[in-house]
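**Student:** everything below, folded, please.
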Amino acid sequence: MEGIEHRTVEVNGIKMHVAEKGEGDVVLFLHGFPELWYSWRHQILALSSLGYRAVAPDLRGFGDSDVPTSVTSYTCFHIVADIVALIDSLGVGQVFLVAHDWGALVGWYLCLFRPDRIKAYVCLSVPFMPRHPIFKPVDAMRALYGDDYYICRFQVPSLTTTAATYYF
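**Tutor:** So this is what the prediction gives:
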């Protein structure tokens, strides 16, 4: 698509698909569920034309990135480590971060765990929600919204789910 380059990088023990275009300061986009890098295609083109290096990976378990089989491989620590390793692979110390939905949760944790790697954070659609000291996030969502809430539906691994298990 209009000069967007695709490559695979080794990060944190997995192979991650990355789409990118442009030169300059890096704007890193994190997609939501059940999305891919493709959600950011218009932003990649727009920002690369303004002198930025726009980068959008397929997060762990999505698209052309590796899909570890164990649900324990999808903690916030794993996914944040993926992104830190991706930033390292880009050869930069910091990025502008833009994230939506599932990616926004990852973005908040990245800002908490590694604020030194983020110049600025643009969060779309998901406010920061600190963990409750007693209630697990999914249990709280189930109590508030019921078993049919989309996040609650993807808690049991099956043949039709991959990285949809939320352990934040």
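
**Student:** please make it C-alpha for all contacts and neighbour counts, starting now.
**Tutor:** Will do.

**Student:** okay, helices next: where are they in the chain?
**Tutor:** 41-48, 76-89, 102-113, 137-145, 150-153 (DSSP state H).

**Student:** now the angle from the third one to helix 76-89?
**Tutor:** Direction vectors for helix 102-113 and helix 76-89, defined by axes from the mean of the first three to the mean of the last three C-alpha atoms, to 10 degrees, enclose an angle of 80 degrees.

**Student:** flag every buried residue along helix 102-113.
**Tutor:** Buried residues in helix 102-113, counting neighbours by 16 or more other C-alpha atoms under 10 Å, are found at 102-111.

**Student:** format the residues you listed as CSV; extra columns: pLDDT and distance to V126.
**Tutor:** Listed next are these as CSV, based on pLDDT from 0 to 100; distance: C-alpha to C-alpha, whole Å:
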residue, pLDDT, distance to V126
W102, 89, 8
G103, 96, 9
A104, 96, 6
L105, 93, 7
V106, 96, 10
G107, 98, 10
W108, 97, 9
Y109, 96, 12
L110, 98, 14
C111, 98, 14
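
**Student:** if we can go back for a sec, deepest-packed of the helices of the chain, please.
**Tutor:** helix 102-113 (a mean of 21; mean count of other C-alpha atoms under 10 Å).

**Student:** who are the packing partners of it?
**Tutor:** Contact here means 3 or more C-alpha pairs under 8 Å, 6 or more residues apart in numbering; DSSP states H and E; on that basis helix 102-113 packs against strand 26-30, helix 76-89, strand 95-100, strand 118-124.

**Student:** and that helix, how far out from the chain's middle?
**Tutor:** 8 Å (C-alpha atoms, centre = their mean, to the nearest Å).

**Student:** could we number from 32 for the rest of this?
**Tutor:** Will do, 32 is the new start, and the previous item becomes helix 133-144.

**Student:** what's that helix in contact with?
**Tutor:** 61-64, 107, 110-111, 114, 128-130, 148-149, 152, 154-157, 159, 199 (C-alpha atoms under 8 Å, 6 or more residues apart in numbering).
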